[in-house]
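Trainee: Give me the fold of what follows.
(4 chains)
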Number of protein chains: 2
Amino acid sequence: MTSGHSWQSIQTDVRKRIVGGVWQPGELLPTEEELAAEFNCARATINRALRGLAEAGLLDRRRKAGTRVAVDPTRYARLKINIIRLDVERRGEVYRHALIERKRTTPTDSIRTRMKLKNETELLYIRGLHIADESPFIYEERWVNVTLIPKILEADLDVISANEWLVRNVQFSSGDISFSATNIDAIEAELINSREGSAAFVIDRTTWQNEQCITSVRMVHKPGFRMRTLLS
Amino acid sequence: MTSGHSWQSIQTDVRKRIVGGVWQPGELLPTEEELAAEFNCARATINRALRGLAEAGLLDRRRKAGTRVAVDPTRYARLKINIIRLDVERRGEVYRHALIERKRTTPTDSIRTRMKLKNETELLYIRGLHIADESPFIYEERWVNVTLIPKILEADLDVISANEWLVRNVQFSSGDISFSATNIDAIEAELINSREGSAAFVIDRTTWQNEQCITSVRMVHKPGFRMRTLLS
DNA sequence: TATTGCTTTATGTATAGACATTATATTAAT
DNA sequence: ATTAATATAATGTCTATACATAAAGCAATA
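Mentor: Numbers count the residues shown, from 1 in each chain, chains lettered A, B, ... in the order given. Here you go, the predicted model:
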């Protein structure tokens, strides 16, 4: 029997009490058992509701110590990282990918370090453009570990972008991503149709399969690009 | 009785099967009941394990249709947004905040639009610097809705940054955040001790309490700044 | 051919009860 | 007074069971 209280409605209710100041930052909440009595539901339902709020950073929960409103409410921004083509098409634009260069070579020291490669492994080096409505908006430089992913050598990267080929064909176990800003150089400027020195948004991403690096990519966005998301 | 299988170990196991290609993208997984039999646990435990993977974007789950490995494995980057002082102090540096300007004034049209203000509401306008080890690294421009948050007029923003005061004193219900890159102007350059035209990482953030805007802030980071996180 | 409605099935949620885990609080021993 | 052992209390997890819900598939209908 539901007794009219789902864990979601309880979560919303508790959230309102926090936002509304009924429970102040640092304040101890009633125990799960007490809340279960108040909302007339099982303790597990309360647990489900509070767990989400703790994951979102609104609550601090500790065994024995209880649940309290977070004093430094850490918020999280959740950025959706998906295939670039899908982002473009969702905006109603036509996506196209252009391969600029594709060669097998040994990487620079900084790349070798970042990818944690021991020996002088040969990698696949790819430079390409992501184009929306015939206007290039991302310049991409990528290194792919062909020892680990030999199949990519057979892929026609003129047709499908390396980005998409990898996402579809290789599952990764972990990755790290970083965001920064850079003044674009003359070559990049010409490729993405901008002025040299303009500030560009850059995403650096390295993905791993267990302990082995699959790929490392640097994506230089056309000046004016903005990445948005909702907070918590 | 645990029978040696926690939901976490099951989740890890399933994740390995996905990453390892045992279950291919698009492939249908066994039902929860079947997995419960395989792992010798209750269905609820399987549900708990798979739910997390679905939230992470690795699985698609639909009632009646079942659970399948995501075809377009959308990954999420989770960025932790907390008080700037804490970030600095965690790096072992000394944090300081400096107030540059503080006045009550009516905002520009673009700010009024962004904050969804109807009339000619007077706001609090604050300009400040975040300083680590005596080196300024963020320039901040902020608009605060004093009609909604009158208490901030009593705060000594020389001592505590508006950032921290707001986080501590005002709970918000929602917010949006965006990241971009900009060429800094001469004024900003001097404040954060950089060269005019350098590419800076910018965070724009607007927070809301229900339908009313609390504050809107633009944070210009010193060139070289990089925001990192792990993927999924 | 389309539409409507029924049945089935897999996931979603709720419950009560048990035990696990981990800090805190208390007590005993040194 | 400090330290070590023990009790206690709150959240964390697991189980078994039941019912809710959404969507797929099928059948009956117009």
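Trainee: need the contact list for the closest residue to DNA strand C within chain A.
Mentor: Going by Cβ to the nearest atom of the strand, DNA strand C is nearest to residue A:6 of chain A, at 2.6 Å. All C-beta atoms are positioned from the backbone trio N, CA, C, and that covers glycine. By Cβ atoms under 8 Å, 6 or more residues apart in numbering or on different chains, residue A:6 lies in contact with residue A:45.
Trainee: Which positions in stretch A:67-87 come out as buried?
Mentor: Going by neighbour count (16 or more other Cβ atoms under 10 Å in any protein chain shown), the buried part of stretch A:67-87 is A:67-70, A:73-77, A:79, A:81-85.
Trainee: Same check on stretch A:146-162?
Mentor: Residues of stretch A:146-162 classed as buried: A:148, A:149, A:152, A:155, A:157, A:161, A:162 (neighbour count, 16+ other Cβ under 10 Å).
Trainee: same thing with stretch A:164-179?
Mentor: A:164-168, A:170-173, A:175-177, A:179.
Trainee: Endpoints of that stretch, how far apart?
Mentor: Criterion Cα to Cα, to the nearest Å; first-to-last residue distance in stretch A:164-179 is 20 Å.
Trainee: what's the average pLDDT for that stretch?
Mentor: Averaged across stretch A:164-179, pLDDT comes to 92.
Trainee: before we move on, what about stretch A:214-224?
Mentor: For stretch A:214-224, the mean pLDDT works out to 97.
Trainee: mind listing what the closest residue in space to residue A:10 that isn't next to it in sequence touches?
Mentor: Closest residue in space to residue A:10, ignoring its immediate chain neighbours: residue A:49 at 4.1 Å, by Cβ to Cβ, 6 or more residues apart in numbering or on different chains. Contact analysis of residue A:49 by Cβ under 8 Å, 6+ apart lists A:7, A:8, A:10, A:11, A:14.
Trainee: Next, the fourth one: secondary structure please.
Mentor: Applying DSSP: H, G, I helix; E, B strand; the rest coil to residue A:11 yields a three-state assignment of helix.
Trainee: what residues are up against it?
Mentor: Applying Cβ under 8 Å, 6+ apart to residue A:11 gives the contacts A:49, A:50, A:52, A:53.
Trainee: Run through the bridge partners of residue A:68.
Mentor: Beta bridges link residue A:68 to residue A:28, residue A:60, judged by DSSP bridges.
Trainee: thinking again about what came up before, check the buried residues of stretch A:146-162 and tell me the two furthest apart.
Mentor: A:148 and A:161 (19.1 Å; Cβ to Cβ).
Trainee: any idea which element the residue nearest to residue A:10 lies in?
Mentor: Residue A:49 is part of helix A:43-55 when elements are defined by DSSP states H and E.
Trainee: so where's chain A shaky on pLDDT?
Mentor: Along chain A, the model assigns pLDDT under 70 to residues A:1-4.
Trainee: who in it is up against DNA strand D?
Mentor: Residues of chain A found near DNA strand D (Cβ under 7 Å from any atom of the strand) are A:2, A:29, A:31-33, A:43-44, A:47, A:50-51, A:54, A:61-67.
Trainee: hang on, the earlier thing: drop anything exposed from the contacts of residue A:49.
Mentor: In the contacts of residue A:49, burial by neighbour count holds for A:7, A:10, A:11, A:14, counting by 16+ other Cβ under 10 Å.
Trainee: which residues in chain A form strands?
Mentor: A:59-62, A:66-69, A:75-81, A:95-105, A:123-132, A:135-144, A:174-183, A:199-209, A:212-221, A:226-231 (DSSP state E).
Trainee: Nearest to residue B:183 among those would be which one?
Mentor: Comparing those under Cβ to Cβ, the one sitting nearest is strand A:199-209, at 4.5 Å.
Trainee: How far does that closest one sit from its chain's centre?
Mentor: Computed by Cα atoms, centre = their mean, to the nearest Å, the separation of strand A:199-209 from the middle of its chain amounts to 10 Å.
Trainee: again, but for stretch A:130-137
Mentor: With Cα atoms, centre = their mean, you get 22 Å for stretch A:130-137.
Trainee: then it to PDB, C-alphas only?
Mentor: C-alpha atoms of stretch A:130-137 as PDB (Å, rounded to 0.1, in the frame of the first residue of the first chain):
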ATOM      1  CA  HIS A 130      33.600  19.000 -37.100                       C
ATOM      2  CA  ILE A 131      31.300  21.000 -39.400                       C
ATOM      3  CA  ALA A 132      27.700  22.200 -38.800                       C
ATOM      4  CA  ASP A 133      25.800  23.600 -41.800                       C
ATOM      5  CA  GLU A 134      29.100  23.800 -43.700                       C
ATOM      6  CA  SER A 135      30.700  25.900 -41.000                       C
ATOM      7  CA  PRO A 136      33.600  24.300 -39.100                       C
ATOM      8  CA  PHE A 137      33.200  24.700 -35.400                       C
END
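Trainee: buried sites along it?
Mentor: Within stretch A:130-137, the residues that count as buried by 16+ other Cβ under 10 Å are A:130, A:131, A:132, A:136, A:137.
Trainee: if I look at the closest residue to residue A:199 other than its chain neighbours, how far off is residue A:121?
Mentor: Spatial nearest neighbour of residue A:199, excluding adjacent residues (Cβ to Cβ, 6+ apart): residue B:199 at 3.6 Å. Counting by Cβ to Cβ, to the nearest Å, the gap from residue B:199 to residue A:121 is 32 Å.
Trainee: Same check on residue A:218?
Mentor: 19 Å.
Trainee: if we can go back for a sec, considering the contacts of residue A:11, which possesses the most neighbours?
Mentor: Ranked by the number of neighbours (other Cβ atoms under 10 Å in any protein chain shown), these place residue A:49 first, at 24 neighbours.
Trainee: one step back: what residues does the residue nearest to residue A:199 make contact with?
Mentor: Counting by Cβ under 8 Å, 6+ apart, residue B:199 touches A:181, A:182, A:183, A:198, A:199, A:200, B:181, B:182, B:183, B:184, B:223.
Trainee: from those residues, which single one is nearest residue A:116?
Mentor: Out of the contacts of residue B:199, the member with the shortest distance to residue A:116 (by Cβ to Cβ) is residue A:182, at 23.9 Å.
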